[in-house]
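In: everything below, folded, please.
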Amino acid sequence: MKTKLLIAILTIVNFINAQNPIDFETLTVPSTGYFNGSTQYSGSGVQETITYEDDIANLHVNYTDTGDYDYWSGFSYSNQTDLTTASYTNYSAYSPNGGGANNSNNYVIAYLYGADEITFDREVLPLSIDVTNSVWAYKYMDGSDGSMHDYTTDDYLKLTITGILIDNTYTTPMDFYLADFTNGNTTIIGDWTTIDLSSFGGVKGLKFELSSSDSYTPFYFCLDNIVYGPTAATNEVAFKNAISLYPNPAKEVLNITTVPNAKIEIYNTSGRLIYVKENCEETEKIDIQNLKTGIYFVKITKENNVVTKKLVINEAS
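Out: Okay, here's the model as predicted:
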């Protein structure tokens, strides 16, 4: 019994505190080293939106083949590590060793005409995301691409991230500078950098947008490791499912499991409080021999989670 109880407690604690990374490592990268829709579109002269999923994240890439030339926008993915080629043909993230965050293989490279979105299968609490420049954008901004363009005073490339709420409204936007030459700064992001997104609260998606002082800047950036956890609503469901009252109906002793540090209250059908216990143990054994037969309600409170369960008491034999 103790072993089963410990497993139940660890399961709920791990679930509530879970931090899950969407790292794109399950995606199969074509032999070209990148996916931009070109291997899945149906034929020339069309524009198609091709969707794909990793974990609970839904992404898409818009691929167009005019018959004379092709192009894409949205979110492609890659495992390229070319830190030299300054061209739209290079689908590489700029970091000291190349590749994804934390030396992983796969990552997403985004090309945005305007704002674009990544959505989730359910409401989640976004905790962080890793971003860096693409190699082409980096080399354009530092002047090493041979184009005679480079960033000077007051130039910038800004990534704006906004949370999409469950009712389709938006959170307050968050800005992150992929390059910042304003106010005396001379910064170009050249490695994977973590952005804290926890202030968004529960969201069903993330909206991304790039803006720049220089209209010729390649509007690319790379992202990896979208880390998320459960929302408060998810926590409450897990809390409710973990608690057990037995036996029910009860006669002499009521056991309530998985309630460490919780508060237990028992009310009769008239709403009168007849029992209260705070700072509970993992399992509470409550003597109910003095309670009359009938229906009662057991209220269990822990932090912001509240669960109420019906209890039936039969006459002791």
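
In: what average pLDDT does the longest strand along the chain get?
Out: What stands out as the longest strand in the chain, according to DSSP state E, is strand 116-132. In this model, strand 116-132 has a mean pLDDT of 94.

In: relative orientation of the helix or strand just after that strand and strand 116-132 in degrees?
Out: Sequence-wise, the next helix or strand downstream of strand 116-132 (DSSP states H and E) is helix 135-142. With axes from the mean of the first three to the mean of the last three Cα atoms, to 10 degrees defining the directions, helix 135-142 sits at 70 degrees from strand 116-132.

In: which strands or helices does whichever helix or strand comes after helix 135-142 pack on?
Out: Following helix 135-142 in sequence order, the next helix or strand is strand 156-164 (DSSP H and E). Packing partners of strand 156-164 (3 or more Cβ pairs under 8 Å, 6 or more residues apart in numbering; DSSP states H and E): strand 116-132, strand 174-180, strand 203-212. C-betas here are computed from N, CA, C, even on glycine.

In: show me which residues of strand 156-164 are buried.
Out: The neighbour-count check on strand 156-164 (16 or more other Cβ atoms under 10 Å) flags 156-159, 161-164 as buried.

In: about what we covered before: could you list the paired strands of the longest strand of the chain along with their orientation?
Out: Each strand paired with strand 116-132, and its direction, by DSSP bridges: strand 57-65 (antiparallel), strand 193-196 (antiparallel), strand 203-212 (antiparallel), strand 220-229 (antiparallel).

In: dump these into TSV; add mean neighbour count as well.
Out: TSV is the format used below for the strands paired with strand 116-132 (neighbours: other Cβ atoms under 10 Å):
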stretch	mean neighbour count
strand 57-65	20
strand 193-196	14
strand 203-212	19
strand 220-229	24
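
In: looking at those, which is nearest to Gly43?
Out: With respect to Gly43, and counting by Cβ to Cβ, the nearest of these is strand 57-65 at 7.4 Å.

In: so where's the stretch 201-317 of the chain shaky on pLDDT?
Out: Filtered on pLDDT under 70, the stretch 201-317 of the chain yields the residue ranges 231-238, 316-317.

In: that one: helices as residue ranges?
Out: Using DSSP state H, counting those that start in this stretch, the helices of the stretch 201-317 of the chain run over 232-242.

In: all strands for it, in order.
Out: Applying DSSP state E, counting those that start in this stretch to the stretch 201-317 of the chain gives strands spanning 203-212, 220-229, 244-246, 253-257, 263-268, 273-277, 283-287, 294-302, 305-313.

In: can you redo the ones you listed as CSV with distance to Gly146?
Out: CSV is the format used below for the strands of the stretch 201-317 of the chain (distance: least, Cβ to Cβ, whole Å):
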stretch, distance to Gly146
strand 203-212, 20
strand 220-229, 18
strand 244-246, 69
strand 253-257, 68
strand 263-268, 68
strand 273-277, 74
strand 283-287, 71
strand 294-302, 62
strand 305-313, 59
